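Asks: predicted model, plus sequence, below.
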Amino acid sequence: MKRPGPLLTLLAGLVLALFMLTLNVTSGTRTASSSYGGKPPSPSAPRPSATATTLTPAPGPTATADPTPTRPAVPNADYAGRTDDDAASVAVSVRDGKAVAYFCDGRYKEAWLRGRVNDNGAMRLTAPNGAVLDGTIGQGDRIRGAVRDEGRHYAFTAAKAVRPSGLWRATAKVRGAKIDAGWVVLPNGRQTGIVTRDGKAASAPRIDPETGAVTVDGQRLTAHPVTP
């Protein structure tokens, strides 16, 4: 029997070489695939771009409108004065937006007036006999106005008064007659007043401005400050 010759040996070497070549190619392919995570990147795929971030400024303090200034309420006070022609006296008492006034010439003419005082100090006061007082509390604590009575016009100025100055009144029944008396006491002490007996007017006697004491027809009465 003949031994295999050189040809057999060559064939065996060739087969071994093919086997090793196949093994190297397979191993290289797997290594390359694993390095790309199983899928190679596409050359045409767009790269991720950075997203622009807009910064919103922090809110600043909110501007608030200044509050509307409010006019202070008309203060409670008393006023007394004379008409421009010095024919009569006027006294006004203001309390909580209301006012009462007395217009008197000290002989026979008088009027009790009432009404409201606006926030701007303006007032219109009226009396049962038809008299009207229009006035305004202005700077300097004075009321400047006018009284219309029986067709006549009496301009006046009344300054702020402190007790015992101001408006006084006394009512009573004396010897069967209804007594109603009013006085305007000025800051200088001057008094103007009328006492009516059952509707008939006459000059009033003086009152004691410290106590309000007054004697009418022989009877002692007490006058009191008047407020609305």
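Replies: Good, I have the coordinates. Numbering: from 1, shown residues only.
Asks: show me where pLDDT drops low in this protein?
Replies: 1-72, 140 (pLDDT under 70).
Asks: quick check: chain neighbours aside, which residue is closest to H224?
Replies: Leaving aside its sequence neighbours, H224 sits nearest to G212 (Cβ to Cβ, 6 or more residues apart in numbering; 5.9 Å). (Glycine included, C-beta is placed from N, CA and C.)
Asks: actually V90, sorry about that
Replies: V90 sits nearest to F156 (Cβ to Cβ, 6+ apart), 4.7 Å away.
Asks: cool, and V132?
Replies: The shortest distance from V132 to any non-neighbouring residue, by Cβ to Cβ, 6+ apart, is to R148 (4.9 Å).
Asks: wait, the one you found touches A131, no?
Replies: Yes - between R148 and A131 there is a contact under Cβ atoms under 8 Å: 6.6 Å.
Asks: okay, those two: which has more neighbours?
Replies: A131 (21 against 15; other Cβ atoms under 10 Å).
Asks: that older thread, please name the residues that touch the residue nearest to V132.
Replies: Neighbouring residues of R148 by Cβ atoms under 8 Å, 6 or more residues apart in numbering: 131-134, 154.
Asks: just those residues now: which is nearest D198?
Replies: Of all the contacts of R148, D198 sits closest to A131, with 20.8 Å by Cβ to Cβ.
Asks: so the closest one sits against Y102, correct?
Replies: No - applying Cβ under 8 Å as the test, A131 and Y102 come out as separate, 10.6 Å apart.
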